[in-house]
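Engineer: got a structure for you, letters missing:
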């Protein structure tokens, strides 16, 4: 009954035409979470069209649980307008959603979502973004390898045991360290990060352990606390610990064993309650053989080792990462929404990504800056990627395209192959996706969900 009433209110209300054309992005759902109304501003802001959203479940399309919307709407006050109870979703970086009840004839018949860009000052560059609270949901990817790592990390969140994150540069070791901290019982205490490779050797000891007044020329009056003291009660993240000089490795070993140390130039013992998470991209086993890293420190750090796989081993995550970074940088740089051509997608999926997720993010930022139009073409890729070989999944002649494609897709045994073949035949645009979904015999929303789960590495092996 409430669903019919909601539809009647929307179809017969003279304000509907106003809502369709207003610059305020508005989306309306019924009590079950089905999308009943989307205006043009919402289409532009989310990069989706009305046909992709209407009558679909809000959680499936936008990853916003209905319960979250209900709670936000129930807590909001009409007099406060759309500025109360913002909902932020990792999938839509830089956007805020505000929920209010839709009331007719004295009863709640649905919910209205107002969508807007978050304050630009909140997203003033990568440093501010990284400084925000990080959850495991913030770590983009659904590949089997990444999900196993997430689960392992979740299992040790509430332990005080030392975690040792290992993996190539750019795989997201600090993101994992932050996610572990913010999911632990220390989440209200400080998270302090130190890059052991970025600080000169003669300053690293005082940076970590602090110093007393008069410890050396230029020492501040009253001395200074080190990172261990600043992180007391919380978590200290030692990044690139493999670059720590041998003389400091001895002192670090003592802190890990006894949770106490002396400041530089000090005589008093300082006790701390700190959870240590260390990380390195180096081969510490080789460094130990060469006498450049202490074995006893390695085993003290290696209590809970977690290996983060490189991007080339989880290429099915590339699609989600591209979507996330495109939204992030179009907002940060004040650019219109962008989409990638099939040629660009194929180039990116077949590249080996030695710099991993960090390199992928840099490439997306480059493309957003270089391409003035909506469609990012191959000429907007960095030069070293423009000649990257990619596999073609093109089908036969375009005559009677939709019927022939549908017949052949029915004969194909791999679902991923069907989807990729259809999209490369009809195009990766919204219109192309509609035709592909029709040929595959699935809804457009289902196609979007399946795209997020495709393992593109399977196609590379078969190409």
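Structural biologist: Received it, and whenever you're ready, just let me know what you need. Values in this document were obtained by computation on a predicted structure and should not be read as measured data. Numbers count the residues shown, from 1 in each chain.
Engineer: so where do the strands sit in the stretch 1-150 of the chain?
Structural biologist: 25-30, 35-38, 86-87, 95-104, 107-117 (DSSP state E, counting those that start in this stretch).
Engineer: Pick out the shakiest of the ones you listed, pLDDT-wise.
Structural biologist: If you rank the strands of the stretch 1-150 of the chain by mean pLDDT, strand 86-87 sits at the bottom with a mean of 78.
Engineer: elements contacting that one?
Structural biologist: helix 66-75, strand 95-104 (3 or more CB pairs under 8 Å, 6 or more residues apart in numbering; DSSP states H and E). (C-beta placed from N, C-alpha, C; glycine too.)
Engineer: what does that strand rub up against?
Structural biologist: 64, 68, 69, 72, 96, 97, 98, 99, 118 (CB atoms under 8 Å, 6 or more residues apart in numbering).
Engineer: ok, now how distant is the residue nearest to the second one when sequence neighbours are not counted from residue 65?
Structural biologist: Read that as residue 68. Nearest residue to residue 68, sequence neighbours excluded (CB to CB, 6 or more residues apart in numbering): residue 87, at 6.0 Å. Per CB to CB, to the nearest Å, residue 87 is found 10 Å from residue 65.
Engineer: between the two, which one's more packed in?
Structural biologist: residue 87 (19 against 14; other CB atoms under 10 Å).
Engineer: Next one: that one from residue 114, what distance?
Structural biologist: 10 Å.
Engineer: what do you get for residue 96?
Structural biologist: 9 Å.
Engineer: Give the residues shared as contacts by residue 87 and residue 114.
Structural biologist: 97, 98, 99.
Engineer: how about CSV for these, with neighbour count and distance to residue 265 added?
Structural biologist: Formatted as CSV, these follow (neighbours: other CB atoms under 10 Å; distance: CB to CB, whole Å):
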residue, neighbour count, distance to residue 265
97, 22, 53
98, 20, 54
99, 26, 57
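Engineer: what's the closest of those residues to residue 320?
Structural biologist: residue 97 (19.7 Å; CB to CB).
Engineer: The closest one against residue 114, yeah?
Structural biologist: Yes: between residue 97 and residue 114 a contact is recorded at 7.3 Å, counting by CB atoms under 8 Å.
Engineer: Just give the number of residues close to residue 262.
Structural biologist: 15.
Engineer: And the spatially closest residue to it that is not a sequence neighbour, its phi and psi?
Structural biologist: Leaving out its chain neighbours, the residue that sits closest to residue 262 by CB to CB, 6+ apart is residue 269, at 6.0 Å. When read as degrees, to the nearest 10, the backbone of residue 269 gives phi -80, psi 130.
Engineer: And the contacts of stretch 256-271?
Structural biologist: Under CB under 8 Å, 6+ apart, the answer for stretch 256-271 is 162, 205-206, 209-212, 214-216, 219, 223, 226, 228-229, 251, 254-255, 272-274, 276, 297, 300-301.
Engineer: hmm, which of those residues are the buried ones?
Structural biologist: 162, 205-206, 209-212, 215, 219, 223, 226, 228-229, 255, 272, 274, 276, 297, 300-301 (16 or more other CB atoms under 10 Å).
Engineer: Check the contacts of strand 86-87 against residue 345 and report the nearest one.
Structural biologist: The closest of the contacts of strand 86-87, once distances to residue 345 are taken by CB to CB, is residue 64, at 26.4 Å.
Engineer: list the contacts for the closest one?
Structural biologist: So residue 64 contacts 58, 87, 89, 97 (CB under 8 Å, 6+ apart).
Engineer: now, which of these sits nearest residue 157?
Structural biologist: For the contacts of residue 64, the nearest to residue 157 is residue 89 (22.2 Å; CB to CB).
Engineer: where does the stretch 1-150 of the chain dip in pLDDT?
Structural biologist: Residues of the stretch 1-150 of the chain meeting the criterion pLDDT under 70: 1-22, 44, 47, 76-85, 90-94, 118-132.
Engineer: what about 90?
Structural biologist: 1-33, 35-135, 137-138, 142 (pLDDT under 90).
Engineer: same deal with the stretch 151-300 of the chain?
Structural biologist: Using pLDDT under 90, the stretch 151-300 of the chain drops low at 187-188, 197-203, 205-207, 210-226, 247, 264-268.
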